[in-house]
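K.L.:
turn this into a structure:
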Amino acid sequence: MMHPKRLMAWIIVAAFSTTLAATPQPTQHNTKASSEEPFRSFRMLDAKLSLLTLQQDALKAAFNPMQSGSGSIAAPSGRRTEAAKSMNLTAAGIGSIAGRLERLYEGRHQRFGIQTFRVIRIKAEEVQRDVSAVTKAQTGGALELAVKRLDERMVSLVVSFQAASGGYGAVRCSPGAWTCCEPKRSKDPQMACMWGCVPRADRCTGFLGPRIRRP
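P.N.:
Numbering: from 1, shown residues only. Below is the predicted model:
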């Protein structure tokens, strides 16, 4: 039989080991992914926006030939429903990525980053609402108006993304420096920025991108 003192020590060690195993630990993958933001997400958003544009074309094609005037529209077909569903899912994905970046910069207390990605998230949500409006249109006139609004929302979403990401791929910083999105001083209402380099994180007045690794 195990000695009582040894038994008690074994129980304490086992309990301590179980606690360590149950405690979630930050993974190297998550830390690395965060350190590559927002460039990592820019690549994902660019791909999703390209897909969303193709899906928008498919949605329009599903309603062709478009009826004009006040005549009623036939009930949505399977093709129209599928096109709308695909577009909604992609727009939701864009909103999710933008929302994650919004929260990232909230954690970093970088207001310009919060505002930039909040705008993109909201515009992605507006695209979803406009897709629903297209599918729910009851007359040709209502359909034309809904499609026009969707076109405008799509352009606005793409422009907002380009305003935040434009030129990020061309940034060349010295090892150890930080990439930084500095707000553009212009009358443009978009949350536009210019990507450049700063020697220290506290020199960035906009929001930070990845730090260039030292050799």
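
K.L.:
hmm, T205 is touching P183, no?
P.N.:
Yes. Between T205 and P183 there is a contact under C-beta atoms under 8 Å: 7.0 Å. For every residue, glycine as well, the C-beta is placed using N, CA and C.

K.L.:
now do the shared contacts for these two.
P.N.:
Residues touching both T205 and P183 (C-beta atoms under 8 Å, 6 or more residues apart in numbering): F112.

K.L.:
tell me where this structure has helices.
P.N.:
4-22, 28-35, 39-62, 78-107, 111-136, 140-165 (DSSP state H).

K.L.:
deepest-packed of these, please.
P.N.:
Looking across the helices of the chain with neighbours counted as mean count of other C-beta atoms under 10 Å, the highest average goes to helix 111-136: a mean of 20.

K.L.:
same list (the helices of the chain) but as TSV, adding mean pLDDT and distance to A201.
P.N.:
Shown next, in TSV, are the helices of the chain (pLDDT from 0 to 100; distance: least, C-beta to C-beta, whole Å):
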stretch	mean pLDDT	distance to A201
helix 4-22	38	32
helix 28-35	60	12
helix 39-62	96	16
helix 78-107	95	13
helix 111-136	96	13
helix 140-165	94	19
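
K.L.:
need those helices in JSON lines with distance to V198, can you?
P.N.:
Shown next, in JSON lines, are those (distance: least, C-beta to C-beta, whole Å):
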{"stretch": "helix 4-22", "distance to V198": "39"}
{"stretch": "helix 28-35", "distance to V198": "16"}
{"stretch": "helix 39-62", "distance to V198": "16"}
{"stretch": "helix 78-107", "distance to V198": "16"}
{"stretch": "helix 111-136", "distance to V198": "14"}
{"stretch": "helix 140-165", "distance to V198": "17"}
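
K.L.:
so which of these gets nearest C173?
P.N.:
The minimum distance between C173 and the helices of the chain falls on helix 39-62, with 12.1 Å, by C-beta to C-beta.

K.L.:
that closest one to helix 78-107, inter-axis angle?
P.N.:
160 degrees (axes from the mean of the first three to the mean of the last three C-alpha atoms, to 10 degrees).

K.L.:
contacts for helix 39-62?
P.N.:
With C-beta under 8 Å, 6+ apart, helix 39-62 has contacts from 33, 77, 79-80, 83-84, 86-87, 90-91, 93-94, 97-98, 100-101, 120, 127, 131, 134, 147, 150-151, 154, 157-158, 161, 164-165, 168, 179, 209-210.

K.L.:
can I get it in PDB, CA atoms only?
P.N.:
Below are the C-alpha coordinates for helix 39-62, written out as PDB (Å, rounded to 0.1, in the frame of the first residue of the first chain):
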ATOM      1  CA  PHE A  39      -1.800  42.500 -44.200                       C
ATOM      2  CA  ARG A  40      -2.900  38.900 -43.700                       C
ATOM      3  CA  SER A  41      -6.500  40.000 -43.600                       C
ATOM      4  CA  PHE A  42      -6.100  42.400 -46.600                       C
ATOM      5  CA  ARG A  43      -5.200  39.400 -48.800                       C
ATOM      6  CA  MET A  44      -8.300  37.600 -47.600                       C
ATOM      7  CA  LEU A  45     -10.600  40.600 -48.100                       C
ATOM      8  CA  ASP A  46      -9.200  41.200 -51.600                       C
ATOM      9  CA  ALA A  47     -10.000  37.600 -52.600                       C
ATOM     10  CA  LYS A  48     -13.500  37.800 -51.000                       C
ATOM     11  CA  LEU A  49     -14.300  41.100 -52.700                       C
ATOM     12  CA  SER A  50     -13.300  39.700 -56.100                       C
ATOM     13  CA  LEU A  51     -15.600  36.700 -55.400                       C
ATOM     14  CA  LEU A  52     -18.400  39.000 -54.300                       C
ATOM     15  CA  THR A  53     -18.200  40.900 -57.500                       C
ATOM     16  CA  LEU A  54     -18.600  37.700 -59.500                       C
ATOM     17  CA  GLN A  55     -21.500  36.700 -57.300                       C
ATOM     18  CA  GLN A  56     -23.100  40.100 -57.900                       C
ATOM     19  CA  ASP A  57     -22.900  39.500 -61.700                       C
ATOM     20  CA  ALA A  58     -24.500  36.000 -61.100                       C
ATOM     21  CA  LEU A  59     -27.300  37.600 -59.100                       C
ATOM     22  CA  LYS A  60     -28.100  40.100 -61.800                       C
ATOM     23  CA  ALA A  61     -28.000  37.400 -64.500                       C
ATOM     24  CA  ALA A  62     -30.500  35.400 -62.500                       C
END
